[in-house]
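A.B. asks: I would like to see how this sequence folds:
(chains A and B)
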Amino acid sequence: GAVVSQHPSRVICKSGTSVKIECRSLDFQATTMFWYRQFPKKSLMLMATSNEGSKATYEQGVEKDKFLINHASLTLSTLTVTSAHPEDSSFYICSARVEAGFNTEAFFGQGTRLTVV
Amino acid sequence: QKEVEQNSGPLSVPEGAIASLNCTYSDRVSQSFFWYRQYSGKSPELIMSIYSNGDKEDGRFTAQLNKASQYVSLLIRDSQPSDSATYLCAVNAGYSTLTFGKGTMLLVSP
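C.D. replies: Predicted coordinates for the structure are as follows:
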């Protein structure tokens, strides 16, 4: 399958600081990438859809000013958690789709475990 | 509201048995269906995709789709302890985001 690389895999930061997470599609171009958050033993929660060259589309309840998404190229999307708080501690996962009509498969990055202390 | 429903489990099966995981979806125009496996602390991994009614087999895995009844299932033959994970069903109704179920935890005991 297609490869999606996410970096870093783990990060610990202090409250009030910002953290940037990168998501790269290594062997295909992705006009659309997705950012998810997952709390322990909970299901994936879609945060936003990242569109290359345009603004991200955020899901209801997700603060766009707190979770900044930039999709500057067809292979890179970034999620910046600004002014992080302990409640932002979670597993963040990006996904990119190989688009070929309706039969699109989504592949996930390795995930980033964020701990805010 | 598009919904994808899965029994959260855990589904417990002995090693060597067939594990049957089920998923129902609400959006009748759904076109693409996927099964992902997620180990604890890891991100989901695509294991099967199915687009038309019937069965699709890949090794020990068989996906079954019935659009009229709006369900999709995943059978795992000769289950192994390494198959113990959470299995996520995902549905796509077109050029939109995938809608994921909450996942079914599978436990395969030696």
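A.B. asks: Spell out the residue ranges of the strands in chain A.
C.D. replies: Using DSSP state E, the strands of chain A run over A:4-7, A:10-13, A:19-25, A:32-38, A:45-51, A:57-58, A:67-73, A:76-81, A:90-98, A:105-108, A:112-116.
A.B. asks: same for the second one, what does it pack against?
C.D. replies: It stands for strand A:10-13. Packed against strand A:10-13 by the contact rule (3 or more C-beta pairs under 8 Å, 6 or more residues apart in numbering or on different chains; DSSP states H and E) you find strand A:19-25, strand A:112-116. C-beta here means a position set from N, CA and C on the backbone, and glycine is covered the same way.
A.B. asks: weakest of the strands of chain A in terms of mean pLDDT?
C.D. replies: Note on the strands of chain A: strand A:105-108 shows the lowest mean pLDDT, a mean of 87.
A.B. asks: could the strands of chain A go into TSV alongside distance to B:Leu11 and mean neighbour count?
C.D. replies: As requested, the strands of chain A are exported to TSV (distance: least, C-beta to C-beta, whole Å; neighbours: other C-beta atoms under 10 Å in any protein chain shown):
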stretch	distance to B:Leu11	mean neighbour count
strand A:4-7	28	20
strand A:10-13	30	14
strand A:19-25	32	21
strand A:32-38	20	23
strand A:45-51	23	20
strand A:57-58	34	16
strand A:67-73	34	17
strand A:76-81	33	22
strand A:90-98	23	24
strand A:105-108	23	22
strand A:112-116	27	19
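A.B. asks: closest to B:Glu5 out of those strands?
C.D. replies: Among the strands of chain A, strand A:45-51 comes nearest to B:Glu5, with 16.4 Å by C-beta to C-beta.
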